[in-house]
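Visitor: give me coordinates for this.
(2 chains)
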Amino acid sequence: MSEGDSQPRGEQIKSVATAFRILEAVRTRDRVGVTELADALDLPKSTVHHYLSTLAADNYLLREDGTYRLGLGLFTLGAQARTQERIFHVAKPNVDRLAETTGEQARLVVERDGHGITLYQAAGENVDDPPTYAGRVEDLHCTAAGKAFLAELPEDRLDELLSGHPLPYRTENTITDPSELRETLAEIRDRGVAFDDEERDAGVRCVASAISDREGELLGAISVSGPSDRIDDERFRSEIPSRLRNVVGVVEFNTTYSEWSDAV
Amino acid sequence: MDIGLVGLGKHGETHAEFLEELGHTVHAVDLDPRVKERFVERFDARMYEGLPELYSAGLDAAIISTPNKFHETAAMKAFEADLDVLIEKPLAHDLESAERIAEGADDSGNICMCGYFHRFRNRVQLAKAYVESGRLGEVTHIDARYMRRRGVPGLGTWYTSREIAGGGALIDVGSFVIDLVLDFYDWPALEQVIATARSDFGDRSDYAYLEMWGEDDEAKMYDVEDSVTVFLEFEGGRTAHLELAWAANAQRCHEYNIRGTEAGVSLDITNPLESVDPSAEQVRDFRLYEVRSDVVDHYVDSEVIPPANDPFRDELATFLAAVETGQSPDRCMVQQALAVQRVIERIYEATDRTWV
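Guide: Prediction:
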């Protein structure tokens, strides 16, 4: 690592920040070569090379045919991070059961820094190739779990998230107008269930419900998603919401009484 | 005495009320801050953070009235702490959990009672005495009904969650009925079960809340049956027909028709726990149907009028007396509660759990 990179920047160590920028850039590209990465990050090729080989030496990256992809060292960290989330243990069996009863993709999503992260997912029998993966990061405004989170946030925190942050367009159904989003969030609060009707990905519908503890703290959300031709209106508006409400209610009870149950 | 209450919902509150009246010290724990807060407002109890703290507070006994799924942990830890235990009915949310509780109670040698309080009702005790004395001849059939018109308990709370409660109307009101039928028959082996379960009301937005029991929380969970029709055949060809419902478009009732070869009994205990016996709409509490042959063959229909009592309170007094003397009570012991749970499981198996 070069000298210059390790200068503290505020309370951040610049070299650490750069290492994570590089990891993040590799993640978004699946696999990438030194030149492409140096161009994208506007860093000297030699510096990028230095970082890449350091990270590869510790298994955080994997070098293959002159390109780099994420290494399983990151999986070790991520998997360990996940086991430390209490909601993961309490919700996991219920997400599995939800996937089994709906036949679709069920997920446990948590909110971090204004994004949704899939903490765990299970595929039902209708799902051949799961379109998402554990660890995936998504925008909040265009996903069912994300809107379920936003609906639970106190007003000031919501203002903070919506002000100065545009709501990126994804499909023709994406809500990009903040006041329209606020109206939708009010409906979600009343109903306890959030819908994503092809708002993030065309042809994909998703239903989600937020999980809170008894003190009102938001713990996560559980969602069920699938292709619109399989999730017809009856399943989308009635069957899946009803199953979700059951599961989220159970998870909330198990969370409250986790010391008195075998769930943890 | 120093009594620990685990689970401070409606049943926990009723126990606390009676315990305070009787001059006992109440020690209490719940993990739900909202439930705790409500309890603290009403009672002058010593509050604890968790089971380890509660169970090491020098208690004489513990009363467990948590949601069904959590009975087991609370009970097992109580046995470990060498405490006598009263568990609200049903014993557990499923048979496996109930078996572990019964085994834990046996291993520890502590008293373990289960709260099937209707057995402490004077009229029920008298009916049982009539059966035992042979006054009815041989009992061959019992027709039992426990039906509410609109009485899903706390629609949307844990009572309506299969995972937390273990089931719906059958495990809730049905377990009372099974307990009494088994007791009238003196705990016979079950041979055959035919049963159908339905879920017709839970998801209906037009559900009329006429007889709410417990609270209406956020209406989240509903994946249980709200009515069950059951036919049971016991050893020796003795039978029972059960109609159990939280919600049904039928007359509200809680009654037992016990048919013997010499006489029959009809026992109406429709009064809800909250009301004072007898309620205005109750026309026949307890009748004995006989035939005599003095002068001419004739029917004798007698009204039997035992004094009313509060069975919930008498159950608690029985438990406390047992704790004090170390002598097991004569009813509602854990092995009988386990037998009830076995019949519940057989009935659920017979329904194939097809209503959800």
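Visitor: what's the local residue count around A:Pro93?
Guide: For A:Pro93, the tally of surrounding residues (other Cβ atoms under 10 Å in any protein chain shown) stands at 16. Bear in mind the C-beta positions are built from the backbone N, C-alpha and C, glycine included.
Visitor: residues making contact with the helix or strand where it lies?
Guide: Element membership for A:Pro93 (DSSP states H and E) is helix A:86-102. With contact meaning Cβ atoms under 8 Å, 6 or more residues apart in numbering or on different chains, helix A:86-102 is reached by A:82-83, A:105-108, A:110, A:119-125, A:127, A:211, A:219-220, A:222, A:224, A:226, A:239-240, A:243-244, A:247, A:250-251, A:254-255, A:258, A:263-264.
Visitor: next SSE after that helix?
Guide: strand A:105-112.
Visitor: how near is the residue in the stretch 101-250 of chain A positioned nearest to chain B to B:Asp30?
Guide: Chain B sits closest to A:Gly249 of the stretch 101-250 of chain A, with a gap of 3.6 Å, by Cβ to the nearest Cβ. Distance of A:Gly249 to B:Asp30, given as Cβ to Cβ, to the nearest Å: 18 Å.
Visitor: what do you get for A:Ala17?
Guide: 46 Å.
Visitor: so A:Gly249 and B:Asp30 - more neighbours on which side?
Guide: With neighbours defined as other Cβ under 10 Å, A:Gly249 and B:Asp30 compare such that A:Gly249 has more, 28 against 25.
Visitor: do you know the pLDDT at the residue of chain B positioned farthest from its centre?
Guide: Centroid-distance maximum for chain B: B:Val295 at 45.3 Å, with Cα atoms, centre = their mean. You'll see B:Val295 listed with a pLDDT of 95.
Visitor: so it: helix, strand or coil?
Guide: Here B:Val295 takes the coil state, with states given by DSSP: H, G, I helix; E, B strand; the rest coil.
Visitor: quick one, strands of the chain?
Guide: Since you didn't name a chain, this refers to chain A. A:8-9, A:12-13, A:31-32, A:61-64, A:67-70, A:105-112, A:115-123, A:137-138, A:194-197, A:204-212, A:218-227 (DSSP state E).
Visitor: should've been chain B
Guide: Going by DSSP E, chain B shows strands at B:2-6, B:25-29, B:46-47, B:61-64, B:84-87, B:112-114, B:139-147, B:190-198, B:227-234, B:239-245, B:253-260, B:263-268, B:286-292, B:298-303.
Visitor: which one of these lies nearest to chain A?
Guide: Nearest of those (Cβ to the nearest Cβ): strand B:2-6, 8.2 Å.
Visitor: so in that sheet, which strands flank that closest one, and in what orientation?
Guide: strand B:25-29 (parallel), strand B:61-64 (parallel) (DSSP bridges).
Visitor: which stretches of the stretch 101-250 of chain A have low pLDDT?
Guide: Within the stretch 101-250 of chain A, no stretch has pLDDT under 70.
Visitor: ok, which residues in it are in contact with chain B?
Guide: Applying Cβ under 8 Å from any Cβ of the partner chain, we find that the stretch 101-250 of chain A lies next to chain B at A:Gly192, A:Arg214, A:Glu215, A:Ser242, A:Arg243, A:Arg245, A:Asn246, A:Val248, A:Gly249, A:Val250.
Visitor: distance to B:Phe176 added to those, as JSON lines?
Guide: JSON lines is the format used below for those (distance: Cβ to Cβ, whole Å):
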{"residue": "A:Gly192", "distance to B:Phe176": "32"}
{"residue": "A:Arg214", "distance to B:Phe176": "30"}
{"residue": "A:Glu215", "distance to B:Phe176": "35"}
{"residue": "A:Ser242", "distance to B:Phe176": "29"}
{"residue": "A:Arg243", "distance to B:Phe176": "30"}
{"residue": "A:Arg245", "distance to B:Phe176": "28"}
{"residue": "A:Asn246", "distance to B:Phe176": "25"}
{"residue": "A:Val248", "distance to B:Phe176": "30"}
{"residue": "A:Gly249", "distance to B:Phe176": "25"}
{"residue": "A:Val250", "distance to B:Phe176": "25"}
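Visitor: from these, which is closest to A:Val32?
Guide: Nearest to A:Val32 among these is A:Val248, at 39.1 Å by Cβ to Cβ.
Visitor: residues touching the closest one, list them.
Guide: A:Gly192, A:Ser209, A:Ala210, A:Ile211, A:Ile222, B:Lys220.
Visitor: how is chain A divided into domains?
Guide: A:3-76, A:85-260 (automatic domain parsing).
Visitor: pick the most deeply packed of those.
Guide: Highest mean neighbour count among the domains of chain A (mean count of other Cβ atoms under 10 Å in any protein chain shown): domain A:85-260, with a mean of 19.
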